[in-house]
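[1] This is a predicted model, with the sequence first.
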Amino acid sequence: MAHAVSVQARGLTLAHGERVLQRNLDFDVRQGEVLAITGTSGCGKSTLLRHLVGLQAPAAGQVLHDGVDLQAADGPTLSRLRRRMGVSLQSGALWSSLSVGENLMLPLELLSDLDAAQRQARARSLLERVGLADSFDREPAALSGGMRKRAAIARSLVLQPAVLFLDEPSAGLDPVASAQLDALIDSLRRELDTAVVMVTHELASLFALADRMLFLDVQAGTMTALGAPAVLMHEGPGPVREFLGRQGRTPVRSSPASPLQPDSLTWRAEVVRP
């Protein structure tokens, strides 16, 4: 049985001024899966993420959430769609003038009907869930890099989103902290049945988390492969195999990390012709 589609990109073209970064991007994000967006530096990974959450308008094509085009949505509809998105940027983007707990409660104050006690209870619960139970009153500057990443993920979950967008979540972390963050993301998506769209160039995280990966080819200027990383490593086009082979003997999971079953998704690699 097919799983629900959360996000769709149709004929999407990304541009920076007159320069086209990527063109003709077509893919879906399905409920409960982790889709990794990857490729070499400068291919437009983070730019694509900004388009998917509506921070940038496409040069052509559409981004649809619940079947609604973000760029065509009216004010109330756009507000509803934004509430179903959780976003964690690479820097974490925590407000330095607010405590960690206040950072989590601010979206609830602005966008929910919860009272003060309920907002605090949800913020504390999420901080406990990400291993930061004692950080509610701490300033973001007092946290380590890994702790700030976890706090940012907790904040992205306060509105109970249907889709979680993560931009380079493990960038700048040591291998131990990176593995811990990977485990946290995997447990959260299992527990919440949340779709995760993750921009990453960290191959260990990609193989540990991604059900499918989307490869953006900087030379071709479009997506050239979409499929399970373990399959693409052996059956993908040459640039994809070369990219995935950089890590050498990467431990690849033998079964999908998510509860999705192979017969409900296209698990074999899809080579996308430019």
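    Sure, I can see it.

[2] List the contacts of Pro140.
    Neighbouring residues of Pro140 by C-beta atoms under 8 Å, 6 or more residues apart in numbering: 92, 94-96, 98, 100, 103, 148, 151. Glycine gets a C-beta too; all of them are placed from N, C-alpha and C.

[3] Out of these, which end up buried?
    92, 94, 100, 103, 148, 151 (16 or more other C-beta atoms under 10 Å).

[4] among the contacts of Pro140, which are in helices?
    Within these, residues falling in helices by DSSP state H are 100, 103, 148, 151.

[5] sorry, back to before: which of the contacts of Pro140 has the weakest pLDDT?
    Taken together, the contacts of Pro140 show their lowest pLDDT at Gly92, with 63.

[6] so how far is the first residue of stretch 29-49 from its last?
    End-to-end distance for stretch 29-49, by C-alpha to C-alpha, to the nearest Å: 12 Å.

[7] hmm, who's touching the top helix by length along the chain?
    Secondary structure assigned by DSSP H gives helix 175-192 as the longest helix of the chain. The contact list for helix 175-192 (C-beta under 8 Å, 6+ apart) reads 32, 34, 129-131, 144-146, 149-150, 153, 157, 160, 164, 166, 169-170, 173, 194-196, 198, 202, 204-205, 208-209, 257-259.

[8] Only whichever of those are buried, select them in ChimeraX.
    The ChimeraX selection below is limited to those of those classed as buried (16+ other C-beta under 10 Å):
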select :32,34,129,130,146,149,150,153,157,164,166,169,170,173,194,195,196,198,202,204,205,208,209,257,258
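
[9] in stretch 103-113, what's buried?
    Using 16+ other C-beta under 10 Å as the test for burial, stretch 103-113 gives 103-108, 112.

[10] Next: stretch 206-221.
    Going by neighbour count (16+ other C-beta under 10 Å), the buried part of stretch 206-221 is 206-217, 220-221.

[11] quick check, distance from it to the centre of its chain.
    Relative to its parent chain, stretch 206-221 has a centroid offset of 12 Å by C-alpha atoms, centre = their mean, to the nearest Å.

[12] repeat for stretch 12-23
    The answer for stretch 12-23 is 21 Å, by C-alpha atoms, centre = their mean.

[13] With just CA atoms, put the host helix or strand of Arg122 into CSV.
    Assigned by DSSP states H and E, Arg122 belongs to helix 116-129. Coordinates of the C-alpha atoms in helix 116-129 are reproduced here as CSV (Å, rounded to 0.1, in the frame of the first residue of the first chain):
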residue,chain,number,x,y,z
ALA,A,116,1.8,29.6,29.2
ALA,A,117,1.8,26.4,31.3
GLN,A,118,1.2,24.2,28.3
ARG,A,119,3.9,26.0,26.3
GLN,A,120,6.4,25.4,29.0
ALA,A,121,5.4,21.8,29.4
ARG,A,122,5.8,21.0,25.7
ALA,A,123,9.1,22.8,25.6
ARG,A,124,10.5,20.9,28.6
SER,A,125,9.2,17.6,27.2
LEU,A,126,10.9,18.1,23.9
LEU,A,127,14.2,19.2,25.5
GLU,A,128,14.0,16.0,27.7
ARG,A,129,13.4,14.0,24.5
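
[14] Contacts for that helix next, please.
    100-101, 104-105, 108-109, 112, 114, 133, 135-136, 151, 154-155, 157-158, 188.

[15] same thing but at 10 Å, please
    Contacts with helix 116-129, where a contact means C-beta atoms under 10 Å, 6 or more residues apart in numbering, come from 99-109, 112, 114-115, 132-136, 138, 150-151, 153-160, 184, 187-188, 191-192.

[16] okay, the buried residues of stretch 206-221 in a markdown table with secondary structure, pLDDT and distance to Ala4 next?
    Below are the buried residues of stretch 206-221 laid out as a markdown table (DSSP: H, G, I helix; E, B strand; the rest coil; pLDDT from 0 to 100; distance: C-beta to C-beta, whole Å):
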| residue | secondary structure | pLDDT | distance to Ala4 |
| --- | --- | --- | --- |
| Leu206 | helix | 93 | 24 |
| Phe207 | helix | 94 | 26 |
| Ala208 | helix | 92 | 24 |
| Leu209 | helix | 94 | 20 |
| Ala210 | coil | 95 | 19 |
| Asp211 | coil | 95 | 15 |
| Arg212 | strand | 96 | 16 |
| Met213 | strand | 96 | 21 |
| Leu214 | strand | 97 | 19 |
| Phe215 | strand | 97 | 24 |
| Leu216 | strand | 96 | 25 |
| Asp217 | strand | 94 | 29 |
| Ala220 | coil | 92 | 31 |
| Gly221 | coil | 93 | 31 |
